[in-house]
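Enquirer: One predicted model, sequence on top.
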Amino acid sequence: MTAFEASGKVALITGGSNGIGAAVARELAGRGARLVLADVDEDAGRALARELDGAFVRCDVRDPADSEAAVAAALDRFGGLDVAFLNAGVSSGCGVDGDFDPEVYRRAMAINVDGVVYGAHAALPALRARGGGDIVATASMAALTATPFDPIYGANKAAVVGLVRALGPAHAAEGVRVNALCPSFADTDIIVPLKGHLQETGFPILDVADVVEAFMAILDGEGTGEAWFVVPGRESAPFAFRGVPGPR
């Protein structure tokens, strides 16, 4: 494992205004990287971009043109792209029974799945032009275990892991690594509706700093097509998927 040399590298972060995205942005900037923050939260995004001497672009990841524009901003401002952190995400807010809402469902699918697809599609040519680079997509432990409390979210994140596992080997020869970050309940705004229940039941909440550490471990590593679990009290590592039964 070789430590990732961030100095002079250019990183694009979707969902970069707050939470995990903002924490990763601060870590990378502290190591000398140049940042493009892409988000719908313009006030927080512009303020953080000023703090980090980076760039901000308003980006709704549901729109493929916005992802293209975010990558273009990296090329225009800093001359290239080395890391695409496809981090924007939302909880679903509905199930498939009596609480099902097609509009809420489509919004979650569009942000959590389409946003990663559009982001990867936009980033790949820019990464190839650099001779390689990294795509890291934020999935979730919900991708690796059953989530009956939010089945749509679990399906979204499982789709992200499936995509990453396919894209990793597909682009390895180009020097582009594609991996997934799979945190448990991290202390960000996305868990606000659940935080009281988690605290009452004694379920440990993940420190965002641990997620940042796992993100950097992905960049330090050499693997591709991996899904890194991030849970309290354990050292993060790629989840070991069992091989599927082959034909006889």
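Expert: That came through, no problem. These numbers were taken from a predicted model, which means no experiment stands behind them.
Enquirer: Give me the pLDDT value at the residue located most distally from the centre of the chain.
Expert: Relative to the average C-alpha location in the chain, and by C-alpha atoms, centre = their mean, no residue lies farther out than R248, which sits at 37.9 Å. The model reports R248 with a pLDDT of 87.
Enquirer: swap in A186?
Expert: So, for A186, pLDDT stands at 69.
Enquirer: partners of the longest strand belonging to the chain in the sheet?
Expert: Among all segments of the chain classified by DSSP state E, the strand with the greatest residue count is strand 176-183. In its sheet, strand 176-183 lies beside strand 133-138 (parallel), strand 227-230 (parallel), with partners assigned from DSSP bridges.
Enquirer: which residues are in contact with the first one?
Expert: By C-beta atoms under 8 Å, 6 or more residues apart in numbering, the surrounding residues in contact with strand 133-138 are 15, 20, 81-89, 116, 119-120, 123-124, 126-127, 160, 163-164, 167, 175-181, 183, 215, 218-219. Glycine gets a C-beta too; all of them are placed from N, C-alpha and C.
Enquirer: Following element in sequence after the helix or strand bottoming out on mean pLDDT in the chain, please.
Expert: Using mean pLDDT, DSSP states H and E, helix 192-201 stands out as the lowest-scoring helix or strand of the chain, at a mean of 56. Beyond helix 192-201 in the direction of the C-terminus, DSSP states H and E gives the next helix or strand as helix 208-220.
Enquirer: For the protein, which segments count as helices?
Expert: Assignment of helices within the chain using DSSP state H yields the ranges 19-30, 42-52, 64-78, 102-109, 115-129, 151-171, 192-201, 208-220.
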